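In: can't give you the sequence, but here's the structure:
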């Protein structure tokens, strides 16, 4: 076998970060650790804060105040937080206007308030991407440190 199914982690950035948050509430004990980078956590708060309304309207199908509300909002990760039980590293840039850092803060706080091992890695001077060399090194070190801690 190429994969040890008892030591699986899930990682993702942007839409992948959303996917990680969603998986955290729906994975049925399959994963042992999560890493979410710049992911959408709460569709309603994201809709009102993003600078990229095309994606908000296209991907979600409209505003949360529309009647009826687009069905996509039913799948917002924040709706499944009560099922979270797996360690999570949340990474976000302070200058990310596509998916504002408050999405990551909400996810981190949700994990913390439930006593789930979690960490928030915040880069105040980065955007949706971590591009500064010193920050990229820190990002990589923390990324692999988290996986080593929870998957080895």
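Out: Received the coordinates, thanks. Computed from a predicted model, the values in this text were never measured in an experiment.

In: name the residues that touch the longest helix anywhere in the chain?
Out: Counting by DSSP state H, the longest helix found in the chain is helix 133-151. For helix 133-151, the external contacting residues (C-beta atoms under 8 Å, 6 or more residues apart in numbering) are 7-9, 11, 32-33, 35, 87, 89, 91, 117, 119, 121, 123, 125-126, 130. C-beta here means a position set from N, CA and C on the backbone, and glycine is covered the same way.

In: ok, of those residues, which come out buried?
Out: 9, 11, 32-33, 35, 87, 89, 91, 119, 121, 123, 126, 130 (16 or more other C-beta atoms under 10 Å).

In: filter the residues you listed down to just the ones in strands.
Out: 9, 11, 33, 35, 89, 91, 119, 121, 123 (DSSP state E).

In: which residues of this protein score low on pLDDT?
Out: Within the chain, the set of residues satisfying pLDDT under 70 comprises 1.

In: with adjacent residues omitted, what lies nearest to residue 103?
Out: Leaving aside its sequence neighbours, residue 103 sits nearest to residue 41 (C-beta to C-beta, 6 or more residues apart in numbering; 4.5 Å).

In: confirm that neighbour sits in a helix?
Out: No: remark: residue 41 does not belong to a helix; assigned using DSSP: H, G, I helix; E, B strand; the rest coil, it is coil.

In: make 8 the first number, not 1, from now on.
Out: Sure thing, new numbering starts at 8, so read that last one as residue 48.

In: hmm, it is touching residue 108, no?
Out: No: judged on C-beta atoms under 8 Å, residue 48 makes no contact with residue 108 at a distance of 10.8 Å.

In: more neighbours: these two, which one.
Out: Counted by other C-beta atoms under 10 Å, residue 48 and residue 108 do not tie: residue 48 has more neighbours, with 27 against 22.

In: now the more buried one: how far from residue 99?
Out: Shown here: residue 48 relative to residue 99, a distance of 10 Å by C-beta to C-beta, to the nearest Å.

In: overlap in contacts of those two?
Out: In contact with both residue 48 and residue 99: 110, 111, using C-beta under 8 Å, 6+ apart.
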